Every structure is written in structure tokens, then in C-alpha cells.
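In: Dropping a prediction and its sequence here:
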Amino acid sequence: GLGDVYKRQLERVTLDASDSRFGLLTLGSLLTVTSTPIRTSPVKRGVWILEQLLCSEPPPPPPGVEGLPEGEMSSGSLRDRLELHRADPTCASCHNLMDPLGLGLEHYDAIGRYRTEDDGFPVDASGQLIDGQTFVNAREMAALIQEDERFDLCVVEKLFTYALGRPVADTEHPFLESIADSFAQSGAEFPELIKLMVTSEPFRTRRGTLEGSP
């Protein structure tokens, strides 16, 4: 939907401020990998946001819980199927965390194309987060995620893991918190975060090993 962009090399395009395509959450690659082969998966998309943007991994499903029913429903919409699934209190405890985030991306189909209908039914991408904040579409949801106090620290943690090639040690969390504070004060500019990361003590130093130790 971006017009005549068929060159072999990368080409910068300009999006209208009111366009449905914006930022990380509406990238076709991300939307595709968090879908099933035949439909969107609000659960997968919600889990991805929790784990990768907020570093808040949801608990695993309890044993014996059945998955989302794939049979025909009276409404036919995926949202209503999920609401039926959440009617079980055992399922609701986790799905109330994941589903609103995933449903916020329901305007984008299984390969990321923008749509206004799902199998002939109007798409409803509104939702309410677990803390009570509400949104009506993906753009508003993205703004709430960006304002979440977990977001900056999670971005720092993910970049730290990538940059050092290992998980964060317990003793390194104060460094991450300091980097996250400076990152937020800089206006959350990613180039600044890279500078903060490569000049941090964990990046520049490493703990020595005793002679003869593995």
C-alpha cells in the first residue's frame, strides 16, 4: 500500500501523519510472525508486546486448559471468540493481560495488511489495559505502551542483552536503571541509547576469572 516502491535498493518513503502505518507495531514482518497461517492471533501479538516491549512475561497456561475454539460462532468475529474464552475465570487471569494488547492490532490482518472488516464483521480495535487505561486503535495503544514505566527499562534490557550477548546479571540492574533514566531524559532517542550502552561499565569491562577455573 505504499505505491510504486519496487527498486532493488532501500528507498525512503514518507507516511502521512494520519496513515494507518506507523512505527514498530505495524511492521508487516512483526504482524506476520505473530499470526497463525490462516488468521491473526491477538494472543501471540499480546504476548510479544508483553515480553519484548514491557519485559513482563505472562504466566504459562495451566494444565488442561483448552485453546481458542475454532468452530463457527454466532458473530463470527475473533474478538467474540476470545471473549468466550475469557469467560472461564481460569483463562481470564492471563488473557486479560494479553488479549487487549493483541486486539489493539486487529486492524492488521495475518500478513499485516490494513483492514476494516474481519470476515465481514467490523473490526473493533479498542481495548482496556489491566491498569484501566483505554484506547480505540493501535496508534493510541502504542502511545500508552510508550508511556508505560516498564518500557524504557525494557528497551535498555533488550539492547544490553544484544550488545553483550548474554542475559543481565543480578548485580547489573543498577546500571540498567541509570541508563534507562538517562535515556528517558534524552527524549528516548535510540542513537543516544547506543552511546549510553557502549560507554557503560558492563559494556567496557568484564569480571576476571581465577587461574585454572573453567
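Out: Received the coordinates, thanks.

In: What residues does the residue nearest to residue 48 when sequence neighbours are not counted make contact with?
Out: Closest residue to residue 48 apart from its sequence neighbours, by Cβ to Cβ, 6 or more residues apart in numbering: residue 34 at 5.1 Å. In short, each C-beta sits where N, CA and C put it, glycine included. Residues near residue 34 by Cβ atoms under 8 Å, 6 or more residues apart in numbering: 41, 44-45, 48, 102.

In: Beyond the helix-or-strand element of the chain with minimal mean pLDDT, next helix or strand please.
Out: Least confident helix or strand of the chain, by mean pLDDT, DSSP states H and E, is helix 78-86 with a mean of 74. Reading on from helix 78-86 to the C-terminus, the next helix or strand found by DSSP states H and E is helix 89-103.

In: what's the next secondary structure element after that next one?
Out: Immediately after helix 89-103, counting by DSSP H and E, sits strand 117-118.

In: excluding its backbone neighbours, what's nearest residue 54?
Out: residue 150 (4.5 Å).

In: what's the burial count for that neighbour?
Out: Other residues near residue 150 come to 15 when the count uses other Cβ atoms under 10 Å.

In: what packs against the helix or strand encompassing residue 144?
Out: Assigned by DSSP H and E, residue 144 falls within helix 138-147. If contacts are counted by 3 or more Cβ pairs under 8 Å, 6 or more residues apart in numbering; DSSP states H and E, helix 138-147 sits against strand 134-135.

In: Outside of the strand it packs on itself, which residues are in contact with it?
Out: 104, 126-129, 141, 143-144.

In: Swap in 10 Å and give it another go.
Out: By Cβ atoms under 10 Å, 6 or more residues apart in numbering, the list of residues contacting strand 134-135 from outside reads 100-101, 104, 125-129, 140-145.

In: Direction included, what does it pair against?
Out: If you go by DSSP bridges, strand 134-135 pairs up with strand 127-128 (antiparallel).

In: What residues does the most centrally placed residue in the chain make contact with?
Out: Nearest to the geometric centre of the chain sits residue 49, at 2.1 Å (Cα atoms, centre = their mean). Neighbour list for residue 49: 24-25, 30, 34, 56, 98, 100-102, 104-105, 141-142, 145 [criterion: Cβ under 10 Å, 6+ apart].

In: From residue 170, how far out is residue 201?
Out: Using Cβ to Cβ, to the nearest Å, residue 201 is found at 15 Å from residue 170.

In: Any stretches of the protein with poor pLDDT?
Out: For the chain, the stretches with pLDDT under 70 are 1, 17, 64-76, 85-87, 208-214.
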